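Peer 1: I would like the atomic coordinates for the input below:
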Amino acid sequence: MNAKDLQTRLDAALEACWRAGKITLEYYQAHPLTEIKSDGSPVTIADKRAEQEIRGWLTKYFPQDAIVGEEEGAGPKSEAGTWYIDPIDGTRSFVCGVPFYGVLLAYEIHQEVALGVINFPALEEMVWALRGHGCFWNGRRAHVSTITELPEATLLATDFFAMDRLGHTAAREHLCANTKLQRTWGDAYGHFLVATGRAEIMLDARMSVWDCGPLLPIIEEAGGRFTDWQGQATIHGDNAFSTNGHLHQAVRQILAGEAGDKILNGYRRRAPRWLESMDQNQPHRSRRIFAR
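Peer 2: Predicted coordinates for the structure are as follows:
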């Protein structure tokens, strides 16, 4: 597919996500009726209407393209490429009136995700990427952080205890003990923070293709890495994590249980730069931090 056709699809994706975002705001903090799907996840009328809006927009301009959506499933496959829609990523946040939810859209052609768009309507923020043309956050270029030391990193997860339920307790404990800050600013919003240099690591223990769709090009075009926990750059895995790139190998080894004491203790022995700059007359602070 030529550059002009991809740019046309990016323009359409931006418009579709903006339109869907406006629909979600009609229900945001308005206590919409919530149903529980067969997989235990919530869905609202806002999810359904937002997906219908995106589908209608894409079908109008690209009737030959295939579409896969979280709420309406997959249509016929097509050689012209496939769109992946998550009309509200973070429905639980949305239902609770928390603004960290997003409208996700990605386009895959010849087994490569060529573009991705995320709209955070309640925050009035959008991030998008087109392969080979960079990542943009509200119109300005986005970049991952330059942090290279794990103890200086901010670690995010949608649900840390999901790691425990899936048998990754040791990895969770190691990562939480060896990073500067841990927060559950999760779902696509967490990956967005990595892409824009405000966090270094984002973990998702359970993912679907519509969750991952735009994250791969957005993170990579911002200079980071997005893979499954085995290190494969894919949107079709069962889990995923993103980093600023510098920390990816170390995190992957920890998730795989391959790190051992050598890597972890190596990080423990070296205090992060922010700690080294603290008042040396108050050593109790460092003891408290590293006593975990």
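
Peer 1: Stretch 139-155: end-to-end distance?
Peer 2: Using Cα to Cα, to the nearest Å, one end of stretch 139-155 lies 26 Å from the other.

Peer 1: which residues are in contact with that stretch?
Peer 2: Outside stretch 139-155, the residues within contact range by Cβ atoms under 8 Å, 6 or more residues apart in numbering are 127, 134-136, 175-176, 178-183, 193-201, 203, 219, 222-224, 243-247, 250-251, 267, 270-275. From N, CA and C alone the C-beta is placed, and that goes for glycine too.

Peer 1: got the buried residues for that stretch?
Peer 2: For stretch 139-155, the neighbour count (16 or more other Cβ atoms under 10 Å) marks A142, H143, V144, S145, I147, E149, L150, P151, E152, A153, T154, L155 as buried.

Peer 1: can I get these in a markdown table with pLDDT and distance to W18?
Peer 2: Formatted as a markdown table, the buried residues of stretch 139-155 follow (pLDDT from 0 to 100; distance: Cβ to Cβ, whole Å):
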| residue | pLDDT | distance to W18 |
| --- | --- | --- |
| A142 | 99 | 18 |
| H143 | 99 | 24 |
| V144 | 99 | 25 |
| S145 | 99 | 28 |
| I147 | 98 | 32 |
| E149 | 98 | 38 |
| L150 | 98 | 37 |
| P151 | 98 | 40 |
| E152 | 98 | 36 |
| A153 | 99 | 33 |
| T154 | 99 | 29 |
| L155 | 99 | 31 |
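
Peer 1: and of the residues you listed, the nearest to A46?
Peer 2: Nearest to A46 among the buried residues of stretch 139-155, counting by Cβ to Cβ, is A142 at 26.9 Å.

Peer 1: Distance-wise, check the closest one relative to G167.
Peer 2: 34 Å (Cβ to Cβ, to the nearest Å).

Peer 1: count of neighbours near the closest residue to E51 other than its chain neighbours?
Peer 2: In this structure, E51 finds its nearest non-sequential neighbour in P87, 3.9 Å apart by Cβ to Cβ, 6 or more residues apart in numbering. For P87, the count of nearby residues is 32 (other Cβ atoms under 10 Å).

Peer 1: Assign a three-state SS to P87, would you?
Peer 2: P87 carries the three-state label strand when classified by DSSP: H, G, I helix; E, B strand; the rest coil.

Peer 1: isn't it right up against I67?
Peer 2: No. With contact defined as Cβ atoms under 8 Å, P87 does not count as touching I67 (11.9 Å).

Peer 1: ok, now how distant is R131 from L115?
Peer 2: R131 is 7 Å from L115, by Cβ to Cβ.

Peer 1: shared neighbours of the two, which are they?
Peer 2: With Cβ under 8 Å, 6+ apart, R131 and L115 have common neighbours L6, P217.

Peer 1: In terms of neighbours, single out the busier of the two.
Peer 2: L115 (26 against 17).

Peer 1: my read: Q7 touches L130, true?
Peer 2: Yes. If you go by Cβ under 8 Å, Q7 and L130 touch, sitting 7.1 Å apart.

Peer 1: Give me the more crowded residue out of these two.
Peer 2: L130 (21 against 13).

Peer 1: Contacts only, for that one.
Peer 2: Counted by Cβ under 8 Å, 6+ apart, L130 has contacts L6, Q7, L10, A114, L115, P217, E221.

Peer 1: Just the ones in strands from those, please.
Peer 2: A114, L115 (DSSP state E).

Peer 1: Please pick the buried ones from the contacts of L130.
Peer 2: L6, L10, A114, L115, P217, E221.

Peer 1: Just give the nearest non-adjacent residue to the first one, would you?
Peer 2: With sequence-adjacent residues excluded and distances taken as Cβ to Cβ, 6+ apart, L6 is closest to A114, at 5.6 Å.

Peer 1: distance of the one you found from H133?
Peer 2: 10 Å.

Peer 1: And R172, by the same measure?
Peer 2: R172 is 36 Å from H133, by Cβ to Cβ.

Peer 1: okay, those two: which has more neighbours?
Peer 2: Using other Cβ under 10 Å as the criterion, R172 and H133 rank with R172 on top: 22 against 15.

Peer 1: Could you verify my assumption that that one touches A162?
Peer 2: No. Using Cβ under 8 Å, R172 is not in contact with A162, being 9.2 Å away.

Peer 1: what about the residue nearest to P32 when sequence neighbours are not counted, neighbour count?
Peer 2: Closest residue to P32 apart from its sequence neighbours, by Cβ to Cβ, 6+ apart: T44 at 4.3 Å. T44 has 21 neighbouring residues, counting by other Cβ under 10 Å.
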